[in-house]
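Enquirer: Whatever this is, show me its structure:
(one chain, ligands or ions: 1)
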Amino acid sequence: MATADLMDKLVSLAKRRGYIFQSSEIYGGTGSVWDYGPLGVELKRNVKDLWWSSMVHQRDDIEGLDAAILMHPRVWEASGHVEGFTDPLVECSNCHRRFRADLPEVADGQCPTCGTRGAFGSPRSFNLMFKTFMGPVEEAAATVYLRPETAQGSYVNFLNVQQAARQKIPFGIAQIGKAFRNEITPGNFIFRTREFEQMEMQFFVEPGTDDQWFEHWKEARMAWHLSLGIRAEKLRFHEHGPDELAHYAKQAFDIEYEYPFGWKEFEGIHNRTDFDLGRHQEYSGKRLEYIEPQSNKRFLPFVIETAVGVDRTMLVCLADSYREEQVEGEERVVLALHPRLAPIKAAVFPLVKKDGLPEKAARLHETLRKASLPSFYDEAGSIGRRYRRQDEAGTPWCVTVDGQSNEDETVTIRDRDTLEQARVAMDKVEGWMRERLNG
Ligand code: GAP
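Expert: Numbers count the residues shown, from 1 in each chain. Sure, this is the predicted structure:
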């Protein structure tokens with residue numbers, strides 16, 4: 001399938017099935033901001049829950065944090081964002097649109113919007129942070145920023161968390177939260193947006209042990225992506241060369257995914273050294289050193305960071321699971337999402353609308369919902385059409401209540417991917433699904 005085709009199909013499926021809508025669509029949309037609909041919000045929660053569980057719940061050495069989006073403006077001076085989080089832009093003197101100076105057309109001297117040649121001024125730095133004002137006065141002294149990453153909230157709270165949770169180095173702080181960047185070249189659907197969510201973990205280690213922890217987190221993060229069912233051949237590492245390394249990093253690897261528009265960053269794993277803690281110590285005037293309990297040795301820990309976007313993970317999951325196939329003589333579109341990610345776990349159908357089957361199916365649907373297994377009841381249309389609707393939504397299991405159910409209280413469960421049908425006792429359906437979700 002051609003690249004543009006697949007992206008167009010994903011955008012259209014996402015809208016049709018209630019995964020993702022353009023923000024403020026009835027007003028013509030807002031540039032590169034998206035809203036998550038009924039199925040999208042469930043997929044998003046599942047992505048975040050799986051990350052949180054693997055980072056925080058399944059480990060003793062990582063603590064959770066939810067820092068505020070608005071922080072003291074000095075934070076962004078210390079972090080280097082005020083000075084360095086910029087792109088060089090040029091402005092067209094004819095149409096007054098601004099462009100990144102490194103765009104090929106711009107380098108050729110022609111405005112991509114109005115076509116005028118030679119109308120660009122000299123490049124100027126443009127900061128990607130969104131600015132706003134705190135309090136009732138709109139003046140420079142009241143300027144605050146919408147955070148462009150969650151990481152700084154973890155650094156400024158490093159000692160708070162360490163002391164409150166009585167953690168010892170090495171340990172980590174995990175956060176999931178919104179970040180904002182006034183990207184100049186956003187696009188590719190939810191790949192690069194101006195408002196997005198990050199799942200970031202900062203792991204504080206003793207200097208000298210950083211290389212070994214870096215290797216650990218590189219492998220652990222790749223394993224996590226594979227555990228979501230993402231195809232191994234679509235994932236790879238990319239090491240940052242000296243010209244790509246961020247100002248804070250000693251070493252950095254991206255996990256890249258082969259999107260329909262090519263190999264691009266999915267997640268970043270960075271050795272940030274003691275840059276951030278050192279800078280916050282300097283700018284705040286407060287000591288941020290860790291004191292080792294036995295030896296009383298003091299040091300500024302190094303930080304190994306893992307940073308991935310929630311929205312970008314959703315794009316990967318959607319793109320990776322989208323298939324068009326021929327089954328039972330018909331074409332079907334299927335989202336082969338890992339059952340743990342699927343927004344709806346089970347769809348329950350009565351085969352026909354008589355003989356008490358709708359009531360029986362509705363009772364099963366209710367039981368599954370009460371057991372926190374998101375379920376969808378559908379009695380409209382042929383069974384084939386009902387299957388197709390669920391395939392497209394990514395539902396792994398369709399449960400059909402039929403004539404035999406009245407005789408022996410069993411139902412069929414059809415697997416979305418293998419199309420196999422299993423006959424299962426109605427009171428065992430929940431357990432059957434749990435086994436597969438946990439396995
Ligand atoms: N704290 C380090 C940091 O923020 P980053 O590489 O700039 O590093 C980390 O961002 C991850 O956040 C990226 O790998 C990507 O998954 C996601 N991300 C960054 N900018 C994004 C944007 N504009 N839209 C969507 N996701 C974005």
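Enquirer: sec struct for residue 89, please.
Expert: Applying DSSP: H, G, I helix; E, B strand; the rest coil to residue 89 yields a three-state assignment of strand.
Enquirer: So it sits against residue 182, correct?
Expert: No: counting by C-beta atoms under 8 Å, residue 89 does not reach residue 182; the two are 11.0 Å apart. For glycine as for every other residue, the C-beta is placed from the backbone atoms N, C-alpha and C.
Enquirer: so how far is the first residue of stretch 274-293 from its last?
Expert: With C-alpha to C-alpha, to the nearest Å applied, stretch 274-293 spans 20 Å between its terminal residues.
Enquirer: Show me what that stretch is in contact with.
Expert: With C-beta atoms under 8 Å, 6 or more residues apart in numbering as the contact definition, stretch 274-293 has outside contacts at 74-75, 77-80, 151-152, 155-156, 158-159, 162, 168-169, 204, 207, 247-248, 297-303.
Enquirer: taking these one by one, which sit in strands?
Expert: In this view, the contacts of stretch 274-293 that belong to strands under DSSP state E are 204, 298, 299, 302, 303.
Enquirer: helices and strands around the longest helix anywhere in the chain, which ones?
Expert: In the chain, ranked by residue count with DSSP state H as the criterion, the top helix is helix 210-227. With contacts defined as 3 or more C-beta pairs under 8 Å, 6 or more residues apart in numbering; DSSP states H and E, helix 210-227 has these neighbours: strand 195-205, strand 235-239, strand 251-259, strand 262-273, strand 302-309.
Enquirer: rerun at 7 Å
Expert: strand 195-205, strand 251-259, strand 262-273, strand 302-309 (3 or more C-beta pairs under 7 Å, 6 or more residues apart in numbering; DSSP states H and E).
Enquirer: who touches the last one?
Expert: When contacts are taken as C-beta atoms under 7 Å, 6 or more residues apart in numbering, the neighbours of strand 302-309 outside the stretch itself are 151, 196-205, 207, 210, 213-214, 217, 221, 266-274, 276.
Enquirer: Distance from the chain centre to the one helix or strand in the chain whose mean pLDDT sits lowest, please.
Expert: Counting by mean pLDDT, DSSP states H and E, the chain has its least confident helix or strand at helix 104-107, which shows a mean of 83. Remark: helix 104-107 is offset 32 Å from the chain centroid, using C-alpha atoms, centre = their mean, to the nearest Å.
Enquirer: list the buried ones in that helix?
Expert: residue 106 (16 or more other C-beta atoms under 10 Å).
Enquirer: do the same with stretch 161-174
Expert: 161, 162, 167, 169, 170, 171, 172, 173, 174.
Enquirer: Please list all residues in contact with the last one.
Expert: So the one you mean is residue 174. By C-beta under 7 Å, 6+ apart, the neighbours of residue 174 are 55, 56, 62, 64, 201.
Enquirer: before we move on, back to that, could you pick out which of the contacts of strand 302-309 are near the ligand?
Expert: Contacts with the ligand within the contacts of strand 302-309, as defined by C-beta under 6 Å from any ligand atom: 151, 196, 198, 200, 267, 268.
Enquirer: which residues touch the first one?
Expert: This means residue 151. Residue 151 sits next to 200, 202, 305, 307 when contact means C-beta under 7 Å, 6+ apart.
Enquirer: hmm, try it at 10 Å
Expert: Neighbour list for residue 151: 67, 79, 173, 175, 179, 198, 200-202, 248, 270, 272, 276, 303, 305, 307 [criterion: C-beta atoms under 10 Å, 6 or more residues apart in numbering].
Enquirer: average model confidence for the longest helix of the chain?
Expert: Averaging pLDDT along helix 210-227 yields 98.
Enquirer: can you put the ones in strands among the contacts of stretch 274-293 in CSV and add pLDDT?
Expert: Listed next are the ones in strands among the contacts of stretch 274-293 as CSV, based on pLDDT from 0 to 100:
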residue, pLDDT
204, 98
298, 97
299, 97
302, 98
303, 98
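Enquirer: Farthest pair within the residues you listed?
Expert: Farthest pair in the ones in strands among the contacts of stretch 274-293 (C-beta to C-beta) is 298 and 303. Separation: 16.8 Å.
Enquirer: Residue 245: how many residues sit nearby?
Expert: Residue 245 has 15 neighbouring residues, counting by other C-beta atoms under 10 Å.
Enquirer: if I've got this straight, it is in a helix?
Expert: No: assignment of residue 245 by three-state DSSP gives coil, placing it outside any helix.
Enquirer: how much space between it and residue 239?
Expert: Distance, residue 245 to residue 239, using C-beta to C-beta, to the nearest Å: 10 Å.
Enquirer: shared neighbours, the two?
Expert: In contact with both residue 245 and residue 239: 251, 252, using C-beta under 10 Å, 6+ apart.
Enquirer: Isn't residue 98 up against residue 90?
Expert: Yes: counting by C-beta atoms under 10 Å, residue 98 does reach residue 90; the two are 6.9 Å apart.
Enquirer: Which neighbours do these two have in common?
Expert: Joint contacts of residue 98 and residue 90 (C-beta under 10 Å, 6+ apart) are 106, 120, 121, 124, 126.
Enquirer: Just give me the closest of these to the ligand.
Expert: The ligand lies nearest to residue 126 out of these, by C-beta to the nearest ligand atom, at 14.8 Å.
Enquirer: Would you indicate which residues of the helix or strand hosting that closest one are buried?
Expert: Taking DSSP states H and E as the definition, residue 126 sits inside strand 124-127. For strand 124-127, the neighbour count (16+ other C-beta under 10 Å) marks 126, 127 as buried.
Enquirer: Parallel or antiparallel, list what pairs with it.
Expert: Strand 124-127 sits in its sheet next to strand 86-91 (antiparallel), going by DSSP bridges.
Enquirer: and the stretch 1-150 of the chain, which residues reach the ligand?
Expert: Listed as neighbours of the ligand in the stretch 1-150 of the chain under the rule C-beta under 6 Å from any ligand atom: residue 149.
Enquirer: Show me the strands in the stretch 1-150 of the chain, by range?
Expert: Counting by DSSP state E, counting those that start in this stretch, the stretch 1-150 of the chain has strands at residues 20-22, 34-36, 62-64, 86-91, 98-100, 124-127, 131-133, 143-145.
Enquirer: Which residue, neighbours along the chain excluded, lies closest to residue 302?
Expert: residue 210 (4.2 Å; C-beta to C-beta, 6 or more residues apart in numbering).
Enquirer: Do I have it right that the one you found meets residue 271?
Expert: Yes: counting by C-beta under 10 Å, residue 210 touches residue 271, with 5.5 Å between them.
Enquirer: Spit out the residues that contact those two alike.
Expert: Among the neighbours of residue 210, those also in contact with residue 271 (C-beta under 10 Å, 6+ apart) are 250, 251, 302, 303, 304.
Enquirer: Need the max-distance pair from these.
Expert: With C-beta to C-beta as the measure, no two of the shared contacts of residue 210 and residue 271 lie farther apart than 251 and 303, at 12.0 Å.
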